[in-house]
Each structure stands twice: as C-alpha cells, then as structure tokens.
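Undergrad: build the 3D model from these lines:
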Amino acid sequence: FGEANRQSYWYSSAVRAGDQIHRAGQDAIYNISKLVPEQIEQAFVNVDTALKGAGSKGWPQVYRINSYHIQLDQEAQDAMVRNLKK
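TA: Numbering: from 1, shown residues only. I've put the predicted structure just below:
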C-alpha cells in the first residue's frame, strides 16, 4: 500500500527525513475484522510494514506513539498492551 499510494495519490504513510521516519495516521485497513482486538492487531502490522518500507527495522526503533481509540474498553486496552509488548 505504501508505494501504490505514493504513485497514485502522491501520498506516503511513512517518510524518511534524515535519520528519522515520520508516520501518518494508521487504522486497520486491509483484512478488516469486526472485532476491535483484531483491528488493533492489523493496525500494528500495517505500521510495521510502512516503517520497514521506509527503511526502518520496524517497531523496535519506535520511541513514541500517539494512540486514539473510539472504543477503549478492557478488551481494547488488553489488545494494545499485547501488541506494545511484542
């Protein structure tokens, strides 16, 4: 989705600027589930893919995230913690 969006829409969800990679927002596009924990898992996979596409090693190099949720019940919180621990 990164290269295709760049070519079609002149938009990239991850851009390298010097030694930093800047990310745009991310949701659970592709393989969308109706279950919030699965949507969170997919969003983490999508971020990792975009980071690696921009030349990063993925999540191990992330030092800060902003996370916004529509549904933040215990199930969603558990899914966030589970994915952050990976």
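Undergrad: immediately after the longest helix anywhere in the chain, which helix or strand?
TA: Counting residues, the longest helix in the chain under DSSP state H turns out to be helix 36-53. Counting by DSSP states H and E, the next helix or strand C-terminal to helix 36-53 is helix 74-84.
Undergrad: packing partners of that following helix?
TA: Using 3 or more CB pairs under 8 Å, 6 or more residues apart in numbering; DSSP states H and E as the contact test, the elements touching helix 74-84 are helix 36-53. For every residue, glycine as well, the C-beta is placed using N, CA and C.
Undergrad: which strands and helices lie in contact with the helix it packs on?
TA: Using 3+ CB pairs under 8 Å, 6+ apart, helix 36-53 sits against helix 2-9, strand 14-17, strand 20-23, helix 74-84.
Undergrad: and residue 44, what does it touch?
TA: Contact analysis of residue 44 by CB atoms under 8 Å, 6 or more residues apart in numbering lists 59, 83, 86.
Undergrad: and those residues, which are buried?
TA: Listed as buried from the contacts of residue 44 are residue 83; burial here means 16 or more other CB atoms under 10 Å.
Undergrad: how about the contacts of residue 44 in a markdown table, adding distance to residue 20 and pLDDT?
TA: Output for those, formatted as a markdown table (distance: CB to CB, whole Å; pLDDT from 0 to 100):
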| residue | distance to residue 20 | pLDDT |
| --- | --- | --- |
| 59 | 15 | 92 |
| 83 | 22 | 95 |
| 86 | 22 | 88 |
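Undergrad: pLDDT (mean, whole number) over the longest helix of the chain?
TA: The average pLDDT for helix 36-53 rounds to 89.
Undergrad: out of the helices and strands packed on helix 36-53, which comes closest to residue 42?
TA: Comparison of the helices and strands packed on helix 36-53 against residue 42 by CB to CB identifies helix 74-84 as nearest, at 10.0 Å.
Undergrad: for that closest one, which outside residues touch it?
TA: Contacts with helix 74-84, where a contact means CB under 8 Å, 6+ apart, come from 36-37, 40-41, 44, 67, 69.
Undergrad: of all the helices and strands packed on helix 36-53, which one comes closest to residue 63?
TA: Nearest of the helices and strands packed on helix 36-53 to residue 63, taken as CB to CB: strand 20-23 at 9.8 Å.
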